[in-house]
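Engineer: I'll drop the sequence and a predicted model, then ask my questions.
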Amino acid sequence: MTETSFAESSRTAGEVEMLLYSLDRARAQFAWKCGDLDAAGLRRAHPPTAMTLAGLLKHLALVEDTYTATDLTGEPIGAPWRDVDFDADPEWEWRTAADDSPAELYDLWRASVARSRAAWSAALASGGLDQLSKRTPDAGGAPNLRRILVDLADEYARHVGHADLLREPVDGRVGEDPPR
């Protein structure tokens, strides 16, 4: 897994650049925490939690693709998610990650991130953070893209912390940012 580099932003960057930097830094931290592991390392749980790095990879791939489809493009979500009944099996990505090889999990996550980056680039070029997402409005209305970007970065922040705790017992990898 090679997504461990990120471009440093200017210390006086504008809002869009700073928010995208924050998201890319969290993605790089996550990739570093999950990277270079075999199936046993990715599937290792640390009780009492059943969470694994494999499950985190598949979950964050789903999160990236869900935000991309629901909020940025308005297009239907693609494979492998479109055929899953998440109402019947809400833990599907966590449960099935154990069946996937490391290469499949890394490729799935990287492809989801690539789709997300392309969708963010297109969306921001056509209206910035103040535009409303493509989400079907609920009683509170559709959120703007600023809210969606913050929510996505927040999702990574939580799961980078989980990845820290899950990775250290596997091989002792610790630290905040990947080596440059």
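Structural biologist: Now that the structure is in, tell me what you want to look at. Here the structure is a predicted model, which means the values were calculated and not measured. Numbering: from 1, shown residues only.
Engineer: CA only for contacts and neighbour counts going forward, please
Structural biologist: Fine.
Engineer: So in the chain, which helix runs the longest?
Structural biologist: Of all the segments assigned as helix in the chain under DSSP state H, the longest by residue count is helix 145-171.
Engineer: just for the protein, where's the confidence low?
Structural biologist: Applying pLDDT under 70 to the chain flags the ranges 1-10.
Engineer: now stretch 20-36, how far from the chain's geometric center?
Structural biologist: The chain centroid and the centroid of stretch 20-36 are separated by 9 Å under C-alpha atoms, centre = their mean, to the nearest Å.
Engineer: Just the residues contacting the helix or strand where Ala111 lies, thanks.
Structural biologist: Taking DSSP states H and E as the definition, Ala111 sits inside helix 102-125. Helix 102-125 is contacted from outside by 1, 3, 37-39, 42, 54, 57-58, 60-62, 64-65, 67-68, 72-73, 97, using C-alpha atoms under 8 Å, 6 or more residues apart in numbering.
Engineer: So which of the residues you listed sit within helices?
Structural biologist: Per DSSP H, these map to helices at Ala39, Leu42, Ala54, Leu57, Lys58, Leu60, Ala61, Leu62, Glu64, Asp65, Tyr67.
Engineer: Can you add neighbour count and give these back as a markdown table?
Structural biologist: What follows is these, written out as a markdown table (neighbours: other C-alpha atoms under 10 Å):
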| residue | neighbour count |
| --- | --- |
| Ala39 | 16 |
| Leu42 | 25 |
| Ala54 | 29 |
| Leu57 | 27 |
| Lys58 | 26 |
| Leu60 | 22 |
| Ala61 | 23 |
| Leu62 | 22 |
| Glu64 | 23 |
| Asp65 | 25 |
| Tyr67 | 22 |
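Engineer: and the end-to-end length of stretch 75-95?
Structural biologist: This stretch, stretch 75-95, spans 26 Å end to end (C-alpha to C-alpha, to the nearest Å).
Engineer: Buried residues, that stretch. List them.
Structural biologist: Ile77, Trp81, Trp92, Glu93, Trp94, Arg95 (16 or more other C-alpha atoms under 10 Å).
Engineer: mind checking the SS state of the residue of the chain positioned farthest from its centre?
Structural biologist: The centre of the chain is farthest from one residue, Ala139, which by C-alpha atoms, centre = their mean lies 26.9 Å away. Assigned with DSSP: H, G, I helix; E, B strand; the rest coil, Ala139 falls in the coil class.
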